[in-house]
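Novice: Prediction below, plus the sequence it came from.
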Amino acid sequence: MSQNAIVIPVGALRRIFVMLLILIALVVLVLIVRTQLFRAGIGTLFDPGASEVIDRNAYQAVFLTGGQVYFGRLQQQGSQYFVLYDVFYLSVPTDSTAQPQLIKRGSELQAPVDPMIIPAGQILYIENLRPDGQVATAIRKFKAGEIPSATAPPITAAPSTARPSASPTR
């Protein structure tokens, strides 16, 4: 060997290479965390999203800002929308002695079809339903054919107080 040669042990080269890889990984991790903090805010970084808490094996009750409540299987679609499949709702009769009826959505005047797309801003809150609860049991019985299909209540129009406009005379 020449007197002018620099000898670097292989072990030292490996340590330098490993440290460089660790440093690069840390920089990438910091950039990812920093991006997430700016995008979602610090509090939401560690909070579970709605899609992580919705029980896919259960039905959900979805309470809307307009006072409606729908039952079905809910999935989050991005941050702006939720999709509700297999949609039911309760029809509460005006007679206080009658029981509320579970109605499968689709028999209404506009004849809607599944799924129901709900803007996230219209949802007050969501509840996962227990499988032994009254609504989940009624849905299972309906699907098994044990409960007859109830239809949407008839539309009752309020009497009109508008007067027809006078026709021009000739």
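Specialist: Right, received. Where do you want to start? Numbering: from 1, shown residues only.

Novice: Doesn't Leu84 lie inside a strand?
Specialist: Yes - counting by DSSP: H, G, I helix; E, B strand; the rest coil, Leu84 falls inside a strand.

Novice: beta partners for it?
Specialist: Residues in a beta bridge with Leu84, per DSSP bridges, are Leu74, Met116.

Novice: next helix or strand past the helix or strand bottoming out on mean pLDDT in the chain?
Specialist: In the chain, the helix or strand scored least confidently by mean pLDDT, DSSP states H and E is helix 42-46, which has a mean of 53. Sequence order places helix 50-53 as the next helix or strand after helix 42-46, per DSSP states H and E.

Novice: list the helices and strands that next one packs on?
Specialist: Packing partners of helix 50-53 (3 or more C-beta pairs under 8 Å, 6 or more residues apart in numbering; DSSP states H and E): strand 69-77. For glycine as for every other residue, the C-beta is placed from the backbone atoms N, C-alpha and C.

Novice: can you pull the pLDDT of Ile117?
Specialist: Looking at Ile117, its pLDDT is 94.
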